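Chemist: Have a look; sequence and predicted model below, questions after that.
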Amino acid sequence: MASITIRNLDETAKRRLRERAARNGRSMEEEARLLIQELPVSRDADSNGATDGNERLHVALEEERSSGNSFAVNDYPAAGKRILLIIGGGIAAYKCLDLIRRLRERRVEVRAIMTKAAQEFITPLSVGALSAQKVFTDLFDREDEQDVGHIRLAREADLVLVAPATADLMAKMANGLVDDLASAVLLATRAPVVVAPAMNPAMWDHPATRRNLAVLKADGIRIEGPAKGEMAESGESGTGRMVDPMILVDLIGDLLDDRPKPLAGKRAVVTSGPTHETIDPVRYIANRSSGKQGHAIAAALAALGAEVILVSGPVTIPVPRDVALVEVESAREMLRAVEAALPAEIAVMVAAVADFRIARESSQKIKKNKRTTRQPLELIENPDILKTIGHHKRRPSLVVGFAAETENLVKNAQAKLESKGADWIIANDVSLSSGVRGGVMGGDRNSISLLTRTGISKWPEMSKLEVARRLAEAIVESLSTSRVEV
Ligand SMILES: Cc1cc2nc3c(=O)[nH]c(=O)nc-3n(C[C@H](O)[C@H](O)[C@H](O)COP(=O)(O)O)c2cc1C
């Protein structure tokens, strides 16, 4: 038996272990133990001289990294499931061959239906050879329809994927038309449906396609893509390319992942966006926060199984899947909503809350004053949401605050950690000189330092989604123990 101290691993190893554990819905300790147990005897560090648990874990993580996939082939959450792949008649149909191969190597059973048009682009022979299954093409096939085969196909799928989804298939789906096997199965299935559109940018932008897209989304269909880039037609580029098959592989893995989630049973309250402080009926004080970071954190916690209440100021970005949204405007409303969401195990206060509000809101629009060009606004302090929650009688066990600073980043954040009663402060440099591409406020990237009561770690610049994912994994880690015997 060797002992592993997660704390002593280097940052890269910790991150890899954290990512792997989060994907598999396990604690880092459990994951470390399994990884070492799975290490083939020939690669077991015990047999090549290393007896230390952490060293053995490094060897195991290296094996994992060299597999090169976001979901390791042997560890795919949708393994053993059955995907019904509907291939539409577009140039991107060739990408399905790679998609089938990648799903099959992850032990997913792939049944394919090809539309008549799809067979102009790739052949049932190659689809059948790669899927190792009969390929279905005809609604009125005498053999298959002896037992109403299209209903059987619809019923037996764990997930239906339409890729590439032509403009024509999307139009049929949006209108419930059934004139071939693909459209019949799409109307008959109760399984989740994912659509990966691929078409010329002009077709994608056409109001008819936009209408159909809105209908499909409202029907609960998941749309993935299309991506931007060069089109098959020479000289054309824009939005219309089918997304990379690996994106679909990862999405299917996520959607069919029914393993236990590490934050299942835990409640998290996350604040996001700016607050608006009313001046008069048409004016308010606001800030440049877009809500991108807060929303991403809410989504990342939800993906790990937490019940997430997202208290958001006014933003224009979409609401993440699987979170309960509470929309607020002012700091005072935000505080009330956060308190109403307690008790919770986790609080992540990301919103850029206005420190001050107008002392006396005007019920009428403030008019220009002919006698003076000055119009002073008296400000009073808003409640401090982080501080209130950090000292609350129903304080969550982990309270995380964000400190957007433009100078003395670490010093100011350290002071906040103490005064606000927070466990962690995420300090981010929102100054124009932060060097973050596109700027932090409103942009897609972030550069943060995580301050805990025991130290500080500076994370490299990364996307806000990546910050969210890593933070969620760090939260999982902090809620579990840090030492394990193997
Ligand atoms: C060379 C060629 C390429 C095509 N590429 C696409 C495409 O990428 N996306 C699309 O929506 N339609 C495309 N079409 C039109 C479809 O093939 C056509 O709408 C067909 O009826 C679709 O049938 P289906 O939806 O049953 O597969 C293309 C047609 C041709 C001739």
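Modeler: Arrived safely, thanks for sending. Numbering: from 1, shown residues only.
Chemist: Show me which residues of this structure sit near the ligand.
Modeler: 88-92, 115, 117-118, 166-169, 198-199, 203 (CB under 6 Å from any ligand atom). The way it works is simple: take the backbone N, C-alpha and C, and place the C-beta from them, glycine included.
Chemist: my read: Val476 touches Glu29, true?
Modeler: No: judged on CB atoms under 8 Å, Val476 makes no contact with Glu29 at a distance of 11.0 Å.
Chemist: So which of those two has more stuff around it?
Modeler: Higher neighbour count among Val476 and Glu29: Val476, with 25 against 20, using other CB atoms under 10 Å.
Chemist: That one belongs to a strand?
Modeler: No: under DSSP: H, G, I helix; E, B strand; the rest coil, Val476 sits outside any strand and is assigned helix.
Chemist: and it, what does it touch?
Modeler: Contact analysis of Val476 by CB atoms under 8 Å, 6 or more residues apart in numbering lists Arg18, Ala21, Ala22, Ser27, Met28, Pro262, Leu263, Leu304.
Chemist: Pull up the distance across stretch 114-123, start to finish.
Modeler: 9 Å (CA to CA, to the nearest Å).
Chemist: scratch that, stretch 362-369 is what I was asking about
Modeler: Termini of stretch 362-369 sit 15 Å apart (CA to CA).
Chemist: May I see the buried residues of that stretch?
Modeler: Residues of stretch 362-369 classed as buried by neighbour count (16 or more other CB atoms under 10 Å): none.
Chemist: Quickly note the distance from the residue nearest to Leu263 when sequence neighbours are not counted to Pro343.
Modeler: Spatially, and ignoring its direct neighbours in sequence, Leu263 is nearest to Ala306 (3.8 Å; CB to CB, 6 or more residues apart in numbering). Distance, Ala306 to Pro343, by CB to CB, to the nearest Å: 14 Å.
Chemist: residues shared between the contacts of these two?
Modeler: Common neighbours of Ala306 and Pro343, using CB under 8 Å, 6+ apart, are Arg267.
Chemist: quick one, which of these two is more surrounded?
Modeler: Neighbour count, other CB under 10 Å: between Ala306 and Pro343, Ala306 has more, with 28 against 11.
Chemist: who touches that one in this structure?
Modeler: Contact partners of Ala306, counting by CB under 8 Å, 6+ apart, are Lys261, Leu263, Ala264, Lys266, Arg267, Ala268, Ile346.
Chemist: and the residues you listed as a markdown table, adding neighbour count, pLDDT and secondary structure?
Modeler: Listed next are the contacts of Ala306 as a markdown table, based on neighbours: other CB atoms under 10 Å; pLDDT from 0 to 100; DSSP: H, G, I helix; E, B strand; the rest coil:
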| residue | neighbour count | pLDDT | secondary structure |
| --- | --- | --- | --- |
| Lys261 | 19 | 88 | coil |
| Leu263 | 24 | 95 | coil |
| Ala264 | 11 | 93 | coil |
| Lys266 | 22 | 96 | coil |
| Arg267 | 18 | 98 | strand |
| Ala268 | 28 | 98 | strand |
| Ile346 | 24 | 98 | strand |
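Chemist: Need the phi and psi values for the residue of the chain most remote from its centre.
Modeler: Residue farthest from the centre of the chain, counting by CA atoms, centre = their mean, is Arg371 at 55.0 Å. Arg371 adopts backbone torsions of phi -80, psi -20, taken as degrees, to the nearest 10.
Chemist: Contact partners for it?
Modeler: Applying CB under 8 Å, 6+ apart to Arg371 gives no contacts.
Chemist: can you check Ser27 too?
Modeler: Each residue near Ser27 by CB under 8 Å, 6+ apart is listed here: Ala21, Pro262, Val476, Glu477, Ser480, Thr481.
Chemist: Equivalent analysis for Val249, please.
Modeler: Val249 neighbours (CB under 8 Å, 6+ apart): Phe71, Leu99, Arg102, Leu103, Arg106.
Chemist: Among the residues you listed, give me the pair with the biggest separation.
Modeler: Within these, Phe71 and Leu99 form the most distant pair, 14.0 Å apart (CB to CB).
Chemist: Those two: which is more packed in?
Modeler: Leu99 (25 against 21).
Chemist: And for the more buried one, nearest residue in space, chain neighbours not counted?
Modeler: Nearest to Leu99 is Pro245, by CB to CB, 6+ apart, at 3.9 Å.
Chemist: That neighbour: neighbour count?
Modeler: A count of nearby residues for Pro245, using other CB under 10 Å, gives 20.
Chemist: Likewise for Gly225?
Modeler: 22.
Chemist: which of the residues of the chain next to the ligand has the most neighbours?
Modeler: Counting by other CB under 10 Å, top hit in the residues of the chain next to the ligand: Gly88 with 30 neighbours.
Chemist: Run through the residues that contact it.
Modeler: Gly88 makes contact with Thr115, Ala117, Ala118, Val162, Ala163, Pro164, Ala165, Thr166, Asp168, Leu169, Ala182, Ala198, according to CB under 8 Å, 6+ apart.
Chemist: Trp204 touches Pro197, doesn't it?
Modeler: Yes: Trp204 lies in contact with Pro197 (CB under 8 Å); the separation is 6.8 Å.
Chemist: which residues are in contact with both of those two?
Modeler: Overlap of the contact sets of Trp204 and Pro197 (by CB under 8 Å, 6+ apart) consists of Ala167, Pro226, Gly240.
Chemist: among those residues, which are in strands?
Modeler: Secondary structure assignment by DSSP state E places Gly240 of the shared contacts of Trp204 and Pro197 in strands.
Chemist: which of the residues in the helix or strand where Val249 lies are buried?
Modeler: Element membership for Val249 (DSSP states H and E) is helix 245-255. Of the residues in helix 245-255, Pro245, Ile247, Leu248, Val249, Asp250, Leu251, Ile252, Gly253, Leu255 count as buried by neighbour count, 16+ other CB under 10 Å.
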